[in-house]
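*Asks:* Requesting a structural model of the entry that follows:
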Amino acid sequence: MAELFSGDFMAKFADEWNKEPDLSGALAKIGFNSVIGYGVQGEDKPRGVLVVEGGKASKGASFAGETLNWDLRASAENWEKWRKDGIGMMGLGMAYTTGKIKFVVGDYGAMVKDPRMAAPFIKSFSVMGRV
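*Replies:* Residues are numbered from 1 along each chain as shown. Below you'll find the model as predicted:
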């Protein structure tokens, strides 16, 4: 298995992202464009980056200093748990309020209030589990 958020991991995540209509298809409907960093809490920078254009992942790679719209951080243990078990809205809310997931960049509140974004975000955790 590829190391969490390594270049290889992120490339595979991008492929899986694009195969999932409840993720890429749903985000395509709203013309979602974003550069998303994924990393581990306590590290200076994210490990991986996913570039999304029109809902589809156009690039999954190691982080190379890209300007991020979102920078998501959690412990490696929590990432692995969520990859294995997924996470629901209630679980995400608890993870956010207890600091288990941090949005270093990005507006968590705006995202969860918009079901067109929140449902695909939740889906991304189970898709990540396919890597």
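*Asks:* Going by C-alpha atoms from here, please, whenever you check contacts or count neighbours.
*Replies:* OK.
*Asks:* which stretches of this structure have low pLDDT?
*Replies:* Residues of the chain that meet the criterion pLDDT under 70 lie in 1.
*Asks:* Show me where it has its strands.
*Replies:* Under the criterion DSSP state E, the chain carries strands at the ranges 34-40, 48-53, 56-62, 70-74, 101-105.
*Asks:* Can you lay out those as TSV showing mean neighbour count and distance to Lys113?
*Replies:* Output for the strands of the chain, formatted as TSV (neighbours: other CA atoms under 10 Å; distance: least, CA to CA, whole Å):
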stretch	mean neighbour count	distance to Lys113
strand 34-40	22	18
strand 48-53	23	20
strand 56-62	21	22
strand 70-74	20	16
strand 101-105	18	15
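*Asks:* CA-only coordinates of stretch 68-81 in CSV, if you can.
*Replies:* The C-alpha coordinates for stretch 68-81 follow below in CSV (Å, rounded to 0.1, in the frame of the first residue of the first chain):
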residue,chain,number,x,y,z
LEU,A,68,-4.5,25.7,-1.5
ASN,A,69,-8.2,26.4,-1.3
TRP,A,70,-8.5,23.6,1.4
ASP,A,71,-5.9,22.2,3.7
LEU,A,72,-7.2,19.3,5.7
ARG,A,73,-5.3,17.8,8.6
ALA,A,74,-5.8,14.9,11.0
SER,A,75,-3.7,12.4,12.8
ALA,A,76,-2.5,9.5,10.6
GLU,A,77,-4.5,7.2,12.9
ASN,A,78,-7.8,9.1,12.3
TRP,A,79,-7.2,9.3,8.6
GLU,A,80,-6.8,5.5,8.6
LYS,A,81,-9.9,5.0,10.7
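*Asks:* List the contacts of it.
*Replies:* With CA atoms under 8 Å, 6 or more residues apart in numbering as the contact definition, stretch 68-81 has outside contacts at 4, 34-41, 46, 100-107.
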